[in-house]
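# pasting a predicted model and its sequence here:
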Amino acid sequence: MLPPIPIDINGIKDKLSFQLRPWQRSFQFWVRAIDIYAGYKVCQVRVNFVKDAQKQEAMWERQHEHAADKIFAMCSDLGGFFLKIAQIIGKPDLAPAAWVKRLVTLCDRAPATPFDVVKLVLESELGQGVEDVFERFDVEPLGSASIAQVHRARLKGDTGDVVVKVQHPGVQDLMMTDIHNLQAFALYMQKTDIKFDLYSVTKEMEKQIGYEFDFMREADAMKRIRKFLYQNNKKTPVLVPQVIRNMVTRRVLVMEYIDGIPIMNLGDEIAKRGINPRGKVAAAAKQKILQSLTLAYGQMILKSGFFHADPHPGNILICKGSEVALLDYGQVKDLPEQLRLGYANLVLAIANRDPLRAAESYRELGIETLSNCENEQQELFKLAETMFDTKLPPGVVMLQPFSEESSIKKIGVQAFPEELFSILRTVHLLRGLSVGLGINYSCAEQWRPLAEEALSQAGRLKDKDVKLRGSKNAVK
């Protein structure tokens with residue numbers, strides 16, 4: 001009689017659990033997404049039976065608060081890609097106040113990978129033991145995001161510190177599952193409630209996030225942007241970390257350590273130093289910060305076409321003297337020349353308040369719209385301001401795609417080029433920062449000289465008497 005074959009029950013369970021994880025994740029997303037969506041549709045029906053505007057507003061506010069708790073729970077529990085979604089929609093100009101209040105705390109909520117796993121990744125990628133490469137390596141990470149976490153360390157023989165970015169193992173497949181689920185939901189939403197090409201936006205997100213898993217690509221992007229900003233300014237508007245040579249692989253990136261505080265903690269730092277947050281000193285510091293970011297992004301988008309496409313608060317440090325450091329170059333975009341010049345034309349249209357030029361720019365950029373109103377040109381211009389400027393149009397305090405008065409309802413966006421999503425997201429993140437700093441300004445007005453310069457160099461500037469102006473205007 002043959003001896004019984006030993007069966008590893010726990011091993012089978014672990015393998016089965018790993019294989020079923022994407023299905024379980026998809027199930028959790030759809031159950032929660034349908035619940036949140038159904039809540040809004042029910043509220044929409046109930047509001048129609050109420051005539052008093054204040055009561056309607058109160059009903060919507062209660063619904064927003066109820067949904068905020070559910071969205072927070074979904075993003076927090078599922079993590080990964082949904083933390084990025086929270087960063088995108090959790091802004092005062094884009095989401096209800098109840099959502100913002102809940103989602104703003106999710107920036108640094110990604111669970112950290114245990115150090116023993118981090119050590120294995122480092123040794124596998126670098127081909128040496130951690131003790132052989134680093135004189136000191138902090139076990140506790142400085143921060144953990146959806147794709148990677150960062151540790152402070154010091155290389156052997158060096159006197160300055162470095163930051164070591166290490167990718168979370170096994171996270172890529174789960175993130176792709178999340179994106180595909182979101183794409184299906186986006187297709188449904190654009191066919192029913194929101195007349196906007198959401199699917200193209202999610203396709204661009206899929207492409208950009210796919211790039212984030214290659215740290216060698218990120219290192220090249222960081223070096224390219226650093227060189228551009230340092231060469232095109234007497235003093236770079238933002239600090240960019242220097243990549244440490246021969247210390248980059250697909251899953252590990254070692255770079256210069258920059259000392260500073262996260263921009264989200266700026267208010268606390270001002271209070272700690274005994275500075276009046278509404279006084280002239282605080283206002284000057286905030287203006288300098290926003291001016292630096294605006295100039296850097298204007299130069300990157302309009303002058304180079306190659307830009308950092310993820311300026312959420314977690315990627316911005318405030319350093320000594322109100323200098324700004326821009327971190328994390330996993331998401332970058334290289335605009336085709338036609339789109340760079342088309343966007344420059346749209347910037348001029350918004351800055352000069354020219355609806356006709358804005359309509360021409362939309363066509364040039366490949367944004368296809370369908371009008372559902374009489375004053376099409378004015379509504380199209382209002383939509384352009386809402387989408388591509390940090391200063392919202394008069395009377396608009398946030399985007400309300402479900403509202404019948406929304407420009408997106410009146411001007412349906414049937415086709416939206418995927419490449420433009422990175423600009424759209426960048427402008428909206430800058431707007432969120434400006435709202436957080438208490439400064440209402442127009443990035444289009446600040447970028448006007450850069451747009452004029454780009455069009456002039458391409459031989460496309462129609463107003464021949466326009467003199468090229470310096471692009472370092474103060475943020476107003």
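That came in fine, so what should we check first? Numbers count the residues shown, from 1 in each chain.

# strands along the stretch 151-300 of the chain, start to end?
Assigned by DSSP state E, counting those that start in this stretch, the stretch 151-300 of the chain shows strands spanning 162-167, 243-248, 252-256, 261-262.

# give me the contacts around the third one.
Spelled out, that is strand 252-256. Residues from elsewhere that reach strand 252-256 (Cβ atoms under 8 Å, 6 or more residues apart in numbering): 121-122, 125-126, 153, 155, 160, 162-167, 215, 218-219, 222, 241-244, 247-248. C-beta here means a position set from N, CA and C on the backbone, and glycine is covered the same way.

# mind listing what that strand pairs with, with the direction of each?
Strand 252-256 pairs in its sheet with strand 162-167 (antiparallel), strand 243-248 (antiparallel), by DSSP bridges.

# among the strands of the stretch 151-300 of the chain, which comes closest to Q24?
strand 162-167 (22.8 Å; Cβ to Cβ).

# hmm, who's touching that closest one?
Contacts of strand 162-167 from elsewhere in the structure, counted by Cβ under 8 Å, 6+ apart, are 113, 118, 121-122, 134, 137, 142, 147-155, 213, 215, 241, 244, 247, 250-257.

# weed out the non-buried ones from these.
Among those, those buried by neighbour count (16 or more other Cβ atoms under 10 Å) are 113, 118, 121-122, 134, 137, 147-151, 153-155, 213, 215, 241, 244, 247, 251-255, 257.

# where does the protein have low pLDDT?
1-21, 88, 90-94, 107-109, 372, 393-410, 462-476 (pLDDT under 70).

# state the phi and psi torsions of F307.
phi -140, psi 160 (degrees, to the nearest 10).

# for it, which non-adjacent residue is spatially closest?
Nearest non-adjacent residue to F307, counting by Cβ to Cβ, 6 or more residues apart in numbering: M300, 3.5 Å away.

# so what's the one you found up against?
Going by Cβ under 8 Å, 6+ apart, M300 touches I225, F228, L229, F306, F307, H308.

# can you rerun that using 7 Å?
I225, F306, F307, H308 (Cβ atoms under 7 Å, 6 or more residues apart in numbering).

# okay, the residues you listed in JSON lines with distance to E376 next?
Formatted as JSON lines, those follow (distance: Cβ to Cβ, whole Å):
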{"residue": "I225", "distance to E376": "39"}
{"residue": "F306", "distance to E376": "35"}
{"residue": "F307", "distance to E376": "31"}
{"residue": "H308", "distance to E376": "35"}
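
# so of those, which ones are in helices?
Counting by DSSP state H, the part of those found in helices is I225.

# now, which of the contacts of M300 sits nearest D69?
Nearest member of those to D69, counting by Cβ to Cβ, is H308, at 32.8 Å.

# is the residue nearest the centre of the chain in a helix, a strand, or coil?
When Cα atoms, centre = their mean is applied to the chain, the residue found nearest the centroid is D310 (4.1 Å). Following DSSP: H, G, I helix; E, B strand; the rest coil, D310 is assigned to coil.

# how many neighbours does the closest residue to it other than its chain neighbours have?
Excluding its sequence neighbours, the residue lying closest to D310 (Cβ to Cβ, 6+ apart) is Q331, at 4.0 Å. By other Cβ atoms under 10 Å, 23 other residues sit near Q331.

# residue contacts, the residue nearest to the centre of the chain?
Contacts of D310 by Cβ under 7 Å, 6+ apart are D328, G330, Q331.

# could you do R25 as well?
By Cβ under 7 Å, 6+ apart, R25 lies in contact with L78, L174, T177.

# quick one: the strands in the stretch 301-450 of the chain, in order.
Along the stretch 301-450 of the chain, counting by DSSP E, counting those that start in this stretch, strands occupy 306-308, 316-318, 324-326, 332-334, 368-371, 411-415.

# find the nearest non-adjacent residue to F134, please.
A153 (4.8 Å).

# look up how far V171 lies from that neighbour.
Going from A153 to V171 by Cβ to Cβ, to the nearest Å gives 22 Å.

# one more: D132?
As judged by Cβ to Cβ, D132 and V171 stand 27 Å apart.

# more crowded one of these two?
Set D132 next to V171 and count neighbours by other Cβ under 10 Å: V171 wins out with 18 against 10.

# sounds good, over and out.
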